[in-house]
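Novice: Take a look and give me a structure for this.
(chains A and B)
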Number of protein chains: 2
Amino acid sequence: MPHTYEYPRAALTVDCVVFGIDDHELKVLLIQRGLEPFKGRWALPGGFVRVEETLEDAALRELREETGLKQAFLEQLYTFGEVRRDPRERVVSVAYYALVKMALEETRAATDAADARWFPVSKIPPLAFDHREIVDAALQRLRGKLSYQPIGFELLPPKFTLPQLQFLYETVLGLPLDKRNFRKKILGFDLLIPLKETQASGRRPAALYRFDKARYERLAKRGFHFEL
Amino acid sequence: MPHTYEYPRAALTVDCVVFGIDDHELKVLLIQRGLEPFKGRWALPGGFVRVEETLEDAALRELREETGLKQAFLEQLYTFGEVRRDPRERVVSVAYYALVKMALEETRAATDAADARWFPVSKIPPLAFDHREIVDAALQRLRGKLSYQPIGFELLPPKFTLPQLQFLYETVLGLPLDKRNFRKKILGFDLLIPLKETQASGRRPAALYRFDKARYERLAKRGFHFEL
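Specialist: The predicted model follows:
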């Protein structure tokens, strides 16, 4: 066998920061640890990478096993490799962040798991390992990406109103946005398809839209720059 | 010992995409492999992560050992984990990209290493493993970051002229920029300190500047957004 690396080797894990949004706030999905170390503490869903699976497959498998989530928009975040981040031994963790449509069936699936629960990002309990640092990095990435890539739609149901979309931006960014400017800008991209249906919202029914992902992808290939 | 993961485990490496710029073009530092697999092929500097060092320390150590580089602006890029990316066995690689001031002593140090050489990004030879994919990802990151973070200065000597700075942007982005607009925009940030020295450049001496990194870091903390 050609030259390769000797043991001891670091163990490799994946950890997932799963974001969802409901009518009130941005939330993150946590699981309660059943085993030492940090038994009883809340933590990110995740686990060891098997030698025959890709990192992304490992993340999706752990999400499915630990939270019941069957699909999500998933992107790699950062790899955390401090030498003593796990008290057992050297563990390097490739972190992912995921965006899910809480309004749909995934939420139910997620709460099927006995020890999986959504926490508002403003009320995250003490977490195991360096998971708080991972959550903070994911929040920063989500806030940064929101303004230059239309990933916010991954958090909304397929049909949504403009007030829902504005609420999403305000909630994730943590700042109020001017309604008229927001509508003008977001409709100006020509990426929202108005639907014939409406949704009851306040006093009068609000128009429903869906995001034209195919058009966005065509435009993005030609250098179109989404910037909110 | 508490529950942990059994063998077989993936091996963990770091790989570094080192960028430099000279008077002509953007370059990347490659090493020629002396061992199988891919013996004789050009590859990214990198190697196995030791169990007692952080990922960043491993990247810096490999850079030093394989290219002679002693310091560089270094940022984590992405972790590559395809199952068969290494013909020997499962190897997951955490990729970094580095920016160095080629005009200074580092270049000399780098070329001290017998099998390290700078290649123009437009003339990269066939690379070992998935290293071409890693270089492309690093180029994309560098181009993206250049317009919203003042990292370009890491590629320049501490004192530089505005034509040098514009050449850097044009070379990395691969497009021409209007001279008057560029000067106005870059000087408008108030992040360049004019020096009393000048540098011969074309017919008349060009003013030298240095980048006010401390001021940028103070501004960035208060939410200042660099956007070119």
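Novice: residues contacting the residue lying closest to residue A:224 once chain neighbours are set aside?
Specialist: Spatial nearest neighbour of residue A:224, excluding adjacent residues (Cβ to Cβ, 6 or more residues apart in numbering or on different chains): residue A:216 at 7.7 Å. All C-beta atoms are positioned from the backbone trio N, CA, C, and that covers glycine. Residue A:216 makes contact with A:150, A:191, A:224, A:226, according to Cβ atoms under 8 Å, 6 or more residues apart in numbering or on different chains.
Novice: Drop anything exposed from the residues you listed.
Specialist: A:150, A:191 (16 or more other Cβ atoms under 10 Å in any protein chain shown).
Novice: separation between the residue nearest to residue A:224 and residue A:140?
Specialist: Residue A:216 sits 23 Å away from residue A:140, going by Cβ to Cβ, to the nearest Å.
Novice: Ok, residue A:224 next?
Specialist: 25 Å.
Novice: now residue A:132
Specialist: For residue A:132 relative to residue A:140 (Cβ to Cβ), the value is 13 Å.
Novice: More neighbours: those two, which one.
Specialist: Ranked by neighbour count (other Cβ atoms under 10 Å in any protein chain shown), residue A:132 and residue A:140 place residue A:132 first, with 14 against 11.
Novice: what about that one, helix or strand, and which?
Specialist: helix A:131-146 (DSSP states H and E).
Novice: C-terminal to the lowest-mean-pLDDT helix or strand in chain A, what's the next element?
Specialist: Within chain A, no helix or strand scores below helix A:105-112, which has a mean of 49 by mean pLDDT, DSSP states H and E. Going down the chain from helix A:105-112, the next helix or strand is strand A:116-120, by DSSP H and E.
Novice: Residue A:8 against residue B:52, yeah?
Specialist: No. Checked against Cβ atoms under 8 Å, the pair residue A:8 and residue B:52 is beyond contact range at 9.2 Å.
Novice: Identify the contacts common to the two.
Specialist: residue A:90.
Novice: Pretty sure residue A:9 sits against residue B:89.
Specialist: No. Residue A:9 is beyond contact range of residue B:89, at 11.0 Å (criterion: Cβ under 8 Å).
Novice: Break chain A into its domains for me.
Specialist: A:11-146, A:152-221 (automatic domain parsing).
Novice: among the ones you listed, which is nearest residue B:116?
Specialist: Closest of these to residue B:116 is domain A:11-146, at 25.1 Å (criterion: Cβ to Cβ).
Novice: What is the distance between that closest one and the centre of its chain?
Specialist: 9 Å (Cα atoms, centre = their mean, to the nearest Å).
Novice: now swap in stretch A:160-172 and tell me
Specialist: With Cα atoms, centre = their mean, you get 16 Å for stretch A:160-172.
Novice: tally of neighbours for residue A:222?
Specialist: 6.
Novice: actually residue A:174, not the one I typed
Specialist: So residue A:174, with other Cβ under 10 Å, has 11 neighbours.
Novice: Same check on the one 5 residues further on?
Specialist: Residues near residue A:179, counting by other Cβ under 10 Å, number 11.
Novice: How about residue A:118?
Specialist: Residue A:118 has 18 nearby residues by other Cβ under 10 Å.
Novice: Tell me if I'm right that it and residue A:20 touch.
Specialist: Yes. Using Cβ under 8 Å, residue A:118 is in contact with residue A:20, at 6.3 Å.
Novice: shared neighbours of those two, anything?
Specialist: A:27, A:28, A:29, A:102, A:107.
Novice: biggest separation within these, which pair?
Specialist: Of all pairs in those, the most separated under Cβ to Cβ is A:28 and A:107 at 13.2 Å.
Novice: So these two - more neighbours on which side?
Specialist: Shown here are residue A:28 and residue A:107; by other Cβ under 10 Å, residue A:28 has more neighbours (24 against 19).
Novice: Summarise which helices and strands whatever helix or strand the more buried one lives in is packed against.
Specialist: According to DSSP H and E, residue A:28 maps onto strand A:26-32. Contact partners of strand A:26-32 among helices and strands, from 3 or more Cβ pairs under 8 Å, 6 or more residues apart in numbering or on different chains; DSSP states H and E: strand A:11-21, strand A:42-43, helix A:55-67, strand A:116-120.
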